[in-house]
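S.K.: return a 3D structure for these sequence lines:
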Amino acid sequence: MKKRLSTISYQLSAGSVISLLLLSAITYPPSAGAQTTASASAEAMADRSEQTAARPSTRSKPRMTEPLEKYNMPPAYIYRLETGPRMVSQFGLFTSFQVNVDSDGNNILGDAANESSITVDPTNHNRMAIGWRQFNSVQSDFRQGGWGFTTDAGTTWTFPGVLEDNVFRSDPVLGSDEAGNFFYLSLLESFCENMYGSMDFGQTWTRLQPDGDAGGGDKQWFTIDKTDGTGHGFQYQAWSTAAPCNGFGSQFSRSTDGGITWMNPVAIPSQPVWGTLDVDTNGNLFIGGGDFGSSFFCVRSSNAQNPAVTPTFDQNVSVNLGGSVLFGAPINPGGLAGQIFLAVDRSGTATNNNIYMLATVQQFNASNGSDIMFSRSTDGGMTFSSPQRITDDPVDQNKWHWFGTLAVAPDGRIDSVWLDTRNAANNTDSQLFYSWSTDGGVTWAPNVAVSNPFTPFEGYPVQNKMGDYITIVSDNTGGDVAYPATFNFNPNSGQHEEDVYYVRVSPSGVPTPTPTPSQTPTPTPTPTATPSATPTATATATVRPTPTPRTMPTPRGRPTPPPRPTPLGSGPLLPAK
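M.R.: Predicted coordinates:
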């Protein structure tokens with residue numbers, strides 16, 4: 001019988017050599033490399049006109065260009081003796097806890113952290129992990145793959161270091177399967193990726209393939225099939241068109257063995273970018289994204305769950321979200337105002353298999369500011385509702401509602417969070433806001449501020465951005481959020497610092513658990529000696545480089561990486577490349 005990572009994780013001791021040997025010996029269906037190589041079927045592409053809904057009649061705004069995650073500066077040497085107390089920021093019933101702290105639980109002066117992605121153990125809510133872009137010094141834009149974990153529901157966090165010391169990594173995306181195995185997808189300077197796995201709920205990580213062999217490209221995202229069908233445990237990823245790992249024209253790949261090997265990538269109809277993926281209860285895969293402007297798409301593959309075939313796409317529908325995505329907006333000058341999120345309801349209730357899309361857009365009739373817009377499909381992605389504004393303050397083009405994201409709880413409730421300047425006299429100081437819907441997105445609860453205000457314009461690590469997105473994971477009572485903020489003040493620089501925070505939101509307004517004597521910070525684990533998970537005591541930096549034109553970008557080779565330290569000796573899962 002075919003074995004899966006999720007079914008054996010609890011039988012293996014995390015980080016042990018025996019575990020790695022056993023994992024490397026697991027049998028799986030034919031690997032990605034053995035699957036048939038092909039681009040999306042020509043027939044499916046030809047049928048697109050029949051499957052695509054009418055596009056918005058309102059005149060589109062100009063398309064954006066792609067902000068790439070390029071290597072620009074070498075790793076920064078940092079000599080730091082000063083720390084300060086970690087930030088615990090109370091706002092009403094909501095408490096935000098700083099995640100990127102040192103081994104003593106203190107704030108690290110002079111670093112920066114942003115672009116956070118969170119995952120939660122579905123079997124035990126106390127266990128969570130957050131990944132982010134880590135900058136060891138704000139004097140450098142060199143970024144690494146930072147991460148932290150908690151075992152007490154987010155009250156205290158341990159930051160062991162980065163995935164690989166002095167290795168450029170960006171665009172962190174975390175996820176977990178239904179058994180609580182954690183995964184971390186990380187982008188290299190070559191625009192290729194690695195998938196990491198953790199069998200101890202984010203305390204240590206193992207790189208699952210040689211350097212860059214997970215394929216991919218800039219602005220990548222992934223999802224895991226958690227249904228009981230033939231695709232159970234499969235991982236799917238999609239990325240942008242501007243800087244792919246394996247050549248232009250292909251944007252999608254699949255792993256049938258828990259993220260270890262990946263098939264040769266194929267094209268996606270309409271080339272959706274800056275988006276996310278999800279799977280319905282029937283195992284159908286949906287990809288949401290846009291065209292760098294005001295066109296948005298929901299693309300379906302009903303056979304990606306079949307390991308015997310190369311996935312094709314049999315439905316491609318245009319979605320009206322009432323405006324255009326933004327890159328280079330004044331609120332986040334060096335990055336996106338937010339990505340495009342797609343989520344599927346798998347609640348088994350009346351809203352089961354509804355598909356939801358949300359984006360931060362500048363509405364067609366606006367010349368400034370942005371809103372969080374939402375649309376839903378109740379017929380399997382064939383049609384979508386008219387765009388709906390989730391933000392409930394009076395329309396004001398001077399206000400920014402940005403970094404919008406959403407998640408669906410197991411009972412069907414939809415949670416959405418975003419950053420919001422509605423209460424700021426200067427129209428830039430931002431707060432985290434929250435709303436939810438219990439009727440499939442038809443109506444939304446009054447917006448609730450859940451954080452103190454902060455300036456988004458300080459603590460930049462030689463780049464004018466706070467990343468490109470924030471994330472939330474929902475359960476039946478609330479949602480767990482990872483977001484950047486600048487609550488800490490650094491007296492040495494005279495500016496506030498970019499740090500990553502965790503906050504629990506819920507419709508009932510239940511606050512995050514209060515620390516108790518038993519909830520002392522978890523000791524920093526001793527990492528396994530593998531090439532991938534050697535932690536670093538402090539943190540590191542990043543910058544979003546030169547925009548690259550969309551449509552048919554001129555093919556270019558991968559950037560030649562500058563010399564960097566040779567990783568530690570390879571383990572069984574990490575053959576030398």
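S.K.: in stretch 485-497, what counts as buried?
M.R.: 485-488, 490, 495-497 (16 or more other CB atoms under 10 Å). Using the backbone N, CA and C atoms, a C-beta is placed for each residue, glycine as well.
S.K.: and if you look at stretch 413-428?
M.R.: 413-422, 424, 427-428.
S.K.: could you export those residues as a markdown table, including pLDDT and secondary structure?
M.R.: Formatted as a markdown table, the buried residues of stretch 413-428 follow (pLDDT from 0 to 100; DSSP: H, G, I helix; E, B strand; the rest coil):
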| residue | pLDDT | secondary structure |
| --- | --- | --- |
| Arg413 | 98 | coil |
| Ile414 | 98 | strand |
| Asp415 | 98 | strand |
| Ser416 | 98 | strand |
| Val417 | 98 | strand |
| Trp418 | 98 | strand |
| Leu419 | 98 | strand |
| Asp420 | 98 | strand |
| Thr421 | 98 | coil |
| Arg422 | 98 | coil |
| Ala424 | 98 | coil |
| Asn427 | 98 | coil |
| Thr428 | 98 | coil |
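S.K.: which one of these is nearest Ser474?
M.R.: Closest to Ser474 out of these is Asp415 (4.6 Å), distances taken as CB to CB.
S.K.: which residues of this protein fall in helices?
M.R.: 5-8, 17-25, 42-46, 48-51 (DSSP state H).
S.K.: how about the contacts made by Leu432?
M.R.: Residues in contact with Leu432 (CB atoms under 8 Å, 6 or more residues apart in numbering) are 96, 417-420, 449-451, 481, 483, 485, 503.
S.K.: if we can go back for a sec, turn the buried residues of stretch 413-428 into a markdown table, including distance to Leu163.
M.R.: Formatted as a markdown table, the buried residues of stretch 413-428 follow (distance: CB to CB, whole Å):
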| residue | distance to Leu163 |
| --- | --- |
| Arg413 | 33 |
| Ile414 | 32 |
| Asp415 | 28 |
| Ser416 | 30 |
| Val417 | 26 |
| Trp418 | 28 |
| Leu419 | 27 |
| Asp420 | 32 |
| Thr421 | 33 |
| Arg422 | 37 |
| Ala424 | 36 |
| Asn427 | 37 |
| Thr428 | 33 |
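S.K.: what's the closest of those residues to Ser437?
M.R.: Distances from Ser437 to the buried residues of stretch 413-428, taken as CB to CB, are shortest for Ile414 (4.5 Å).
S.K.: from the contacts of Leu432, pick the one nearest Asn194.
M.R.: Asn194 lies nearest to Tyr483 out of the contacts of Leu432, by CB to CB, at 24.7 Å.
S.K.: specify the beta-bridge partners of the closest one.
M.R.: Beta bridges link Tyr483 to Tyr501, judged by DSSP bridges.
S.K.: can you tell me the centre-most residue of the chain?
M.R.: In the chain, the C-alpha nearest the mean C-alpha coordinate belongs to Val173, at 3.7 Å (CA atoms, centre = their mean).
S.K.: quick check: closest non-adjacent residue to that one.
M.R.: Setting aside the residues directly before and after it, Val173 is nearest to Leu185 in space (CB to CB, 6 or more residues apart in numbering), at 4.5 Å.
S.K.: does the one you found touch Leu163 like I think?
M.R.: No: in this structure, Leu185 is not within contact of Leu163 by CB atoms under 8 Å, at 11.0 Å.
S.K.: ok, the residue nearest to the centre of the chain - contacts?
M.R.: Val173 touches 117, 131, 184-185, 220-222, counting by CB under 8 Å, 6+ apart.
S.K.: could you do Glu458 as well?
M.R.: Counting by CB under 8 Å, 6+ apart, Glu458 touches 486, 495-498.
S.K.: got JSON lines for these, with distance to Glu189 too?
M.R.: Below are the contacts of Glu458 laid out as JSON lines (distance: CB to CB, whole Å):
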{"residue": "Thr486", "distance to Glu189": "27"}
{"residue": "Gln495", "distance to Glu189": "27"}
{"residue": "His496", "distance to Glu189": "29"}
{"residue": "Glu497", "distance to Glu189": "25"}
{"residue": "Glu498", "distance to Glu189": "21"}
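S.K.: among those residues, which two are most distant?
M.R.: The span of the contacts of Glu458, defined through CB to CB, is set by Gln495 and Glu498 at 9.7 Å.
S.K.: what do these two both touch?
M.R.: 458-459.
S.K.: which ones among the contacts of Glu458 lie within strands?
M.R.: Within the contacts of Glu458, residues falling in strands by DSSP state E are 495-496.
S.K.: need the contacts of Glu458 in JSON lines with pLDDT and distance to Pro461, can you?
M.R.: What follows is the contacts of Glu458, written out as JSON lines (pLDDT from 0 to 100; distance: CB to CB, whole Å):
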{"residue": "Thr486", "pLDDT": "98", "distance to Pro461": "12"}
{"residue": "Gln495", "pLDDT": "95", "distance to Pro461": "12"}
{"residue": "His496", "pLDDT": "97", "distance to Pro461": "13"}
{"residue": "Glu497", "pLDDT": "96", "distance to Pro461": "10"}
{"residue": "Glu498", "pLDDT": "98", "distance to Pro461": "7"}
